[in-house]
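[1] Got a sequence here, can you model it:
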Amino acid sequence: MPPIASDALVLKTSKLGETSKLVILLTRERGKVRAVAKGARGTRSRYQSALEPLSEVRVGLYGRQGTELFRLGQCDLVRSAFPAGGRGLETSLTLSYFAELLDAFAQEGEAEDAVYRLAIAVVRAAEEGRDIVALARYLEAWLLRLAGLYPQLDRCAACGNALPSGPLAYHHVTHGFVCASCGPASGPVLQKPVREFLREVFATAPSAVTTPPEAARVLESFHQNLIRRHLERDLRSYRVMHDVARGTA
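    Residues are numbered from 1 along each chain as shown. The predicted structure follows:
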């Protein structure tokens, strides 16, 4: 038996040496880990398509306690994300964004069951053909919330009083939504339909979330600002996705 046996989601692979790959996995048992898949680039690789990004796998990992780089042994494909990626360019690019976003937020060597379950649920919802834009906002919102970065939707970040129904006004100084008494807010303002969409995101499974309202375009920018502030960088996959969408339009 390997020292670690775990369900996992493949986040990224890169070339290593002549025939091997470096694999980044989001595991249920150990959070994010890095492992060497020896011979994975060979013509007779035992891993075959199991190492495609966002594939759901069952892995065996070998390495001493405290190691930063494991050796990948067993890697059985449980569920492939390939059918979802084959639905079109937008879906394929968005799935690549999902993988990079999860890689950026997942903690190295720390089991985070909530993050793992979120990742699996979102990928499976994409495979079911759910709205890919809704899933992108869903994953962003939940990763930010689980990291303690998403502002409360019902309480003023300045005075702590209940926020009235209606639009949400964000204020950069307080890093949250504020009431009229604590304004003026620096923006952006999320209109009421967007607020209701967020309530749905935080109350339902990704497979049940509905298509975001047209006004939710501002939500994408809002999320990206929060992500950029946390990571102190832009995600390459998001830039590619955005550039392709702009070129297609």
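
[2] which secondary structure elements does the helix or strand hosting Arg34 contact?
    Element membership for Arg34 (DSSP states H and E) is strand 31-37. On a contact count with 3 or more Cβ pairs under 8 Å, 6 or more residues apart in numbering; DSSP states H and E, strand 31-37 meets strand 4-16, strand 20-27, strand 56-62, strand 70-79. Just so you know, the C-beta spots here come from the backbone N, C-alpha and C atoms, and that holds for glycine as well.

[3] now that strand and strand 56-62, what's the angle there?
    Orientation check (axes from the mean of the first three to the mean of the last three Cα atoms, to 10 degrees): strand 31-37 against strand 56-62 gives 70 degrees.

[4] quick one: Val33 and Leu61 touch, right?
    Yes - counting by Cβ atoms under 8 Å, Val33 touches Leu61, with 6.7 Å between them.

[5] Quick check: neighbours shared by the two?
    Thr27, Phe70 (Cβ atoms under 8 Å, 6 or more residues apart in numbering).

[6] The strand or helix carrying Ala126 vs strand 4-16, what angle?
    Using DSSP H and E, Ala126 sits in helix 113-127. Here helix 113-127 runs at an angle of 60 degrees relative to strand 4-16 (the same axes, to 10 degrees).

[7] Show me what helix 113-127 is packed up against.
    By 3+ Cβ pairs under 8 Å, 6+ apart, helix 113-127 packs against strand 4-16, strand 20-27, helix 82-85, helix 89-105, helix 132-146.

[8] got the CA positions of the first one in PDB?
    In this case it means strand 4-16. Extracted as PDB, the C-alpha positions of strand 4-16 are listed here (Å, rounded to 0.1, in the frame of the first residue of the first chain):
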ATOM      1  CA  ILE A   4      -1.000   8.100   0.800                       C
ATOM      2  CA  ALA A   5      -4.100   6.900  -1.100                       C
ATOM      3  CA  SER A   6      -6.600   9.600  -2.000                       C
ATOM      4  CA  ASP A   7      -9.200  10.800  -4.300                       C
ATOM      5  CA  ALA A   8      -7.900  13.700  -6.300                       C
ATOM      6  CA  LEU A   9      -8.500  16.300  -9.100                       C
ATOM      7  CA  VAL A  10      -5.700  16.900 -11.600                       C
ATOM      8  CA  LEU A  11      -5.000  20.700 -11.700                       C
ATOM      9  CA  LYS A  12      -1.900  21.000 -13.900                       C
ATOM     10  CA  THR A  13       0.800  19.000 -15.500                       C
ATOM     11  CA  SER A  14       4.200  20.100 -17.000                       C
ATOM     12  CA  LYS A  15       7.100  18.300 -18.600                       C
ATOM     13  CA  LEU A  16       9.900  17.000 -16.400                       C
END
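
[9] so that strand versus strand 20-27, what angle?
    Using the same axes, to 10 degrees: strand 4-16 against strand 20-27 is 140 degrees.

[10] before we move on, what about the fourth one?
    Interaxial angle of helix 89-105 relative to strand 20-27 (the same axes, to 10 degrees): 80 degrees.

[11] Over to the last one?
    When the same axes, to 10 degrees is applied, the directions of helix 132-146 and strand 20-27 differ by 70 degrees.
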